[in-house]
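**Q** Got a predicted structure plus its sequence, pasted below:
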Amino acid sequence: MAKFQDIMDELKEKTASFNAKDYKDFLAVQITLKDLNEIFYMEIKDGELNIEPYEYNDRQANIIISSDNFVKMMNGKLNSVVAFTTGKLKIEGNVGKASELSKIFKR
């Protein structure tokens, strides 16, 4: 099991090259790492990607996943659709907005 700060550091490193200016929509997705009892959010607003370790009350979706599966998904070793259909990932809210995260990870 990864530590929360390690996951946050790796996530910020992996998304550093993501050009949020190309993303035209607003995106606000919270991620709940159920085994660590930790939350954070990813937001694209006004051409900027923000990742913060806080609850996002106006989120469009909440992804509930284990830390290990999140790291696998972030590194391309677990497909988000497979994770969703096999119950490794649960989504509360807008499934379409939650699936937008895969675009950020693929860059």
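**A** Alright, I've got the coordinates.
**Q** residues of the helix or strand bottoming out on mean pLDDT in the chain that come out buried?
**A** Taking mean pLDDT, DSSP states H and E as the measure, the helix or strand of the chain with the lowest value is helix 101-105, at a mean of 80. Of the residues in helix 101-105, 101, 104 count as buried by neighbour count, 16 or more other CB atoms under 10 Å. Backbone N, C-alpha and C define where each C-beta goes, glycine included.
**Q** repeat for stretch 47-57
**A** By neighbour count with 16+ other CB under 10 Å, stretch 47-57 contains the buried residues 49, 56.
**Q** And the average pLDDT for it is what?
**A** Stretch 47-57 shows a mean pLDDT of 93.
**Q** got the contact list for that stretch?
**A** The contact list for stretch 47-57 (CB atoms under 8 Å, 6 or more residues apart in numbering) reads 4, 8, 11-12, 15, 18, 20-21, 23, 28-30, 38-44, 104.
**Q** Looking at the residues you listed, which are in helices?
**A** With DSSP state H as the criterion, helices contain 4, 8, 11-12, 15, 104 from among those.
**Q** Quick one: list the elements packing against the least confident helix or strand of the chain.
**A** Helix 101-105 sits against helix 4-15, with contacts defined as 3 or more CB pairs under 8 Å, 6 or more residues apart in numbering; DSSP states H and E.
**Q** Show me what the helix it packs on is packed against.
**A** Applying 3+ CB pairs under 8 Å, 6+ apart, one finds that helix 4-15 makes contact with strand 38-45, strand 48-52, helix 67-74, helix 101-105.
**Q** Strand partners (parallel or antiparallel) of the first one?
**A** Sheet neighbours of strand 38-45, with direction, are listed as strand 27-33 (antiparallel), strand 48-52 (antiparallel) (DSSP bridges).
**Q** quick one: buried residues of that strand?
**A** Buried residues in strand 38-45, defined by neighbour count with 16+ other CB under 10 Å: 38-44.
**Q** And the residues you listed, which two are furthest apart?
**A** Greatest spacing in the buried residues of strand 38-45, by CB to CB: E38 and I44 (21.2 Å).
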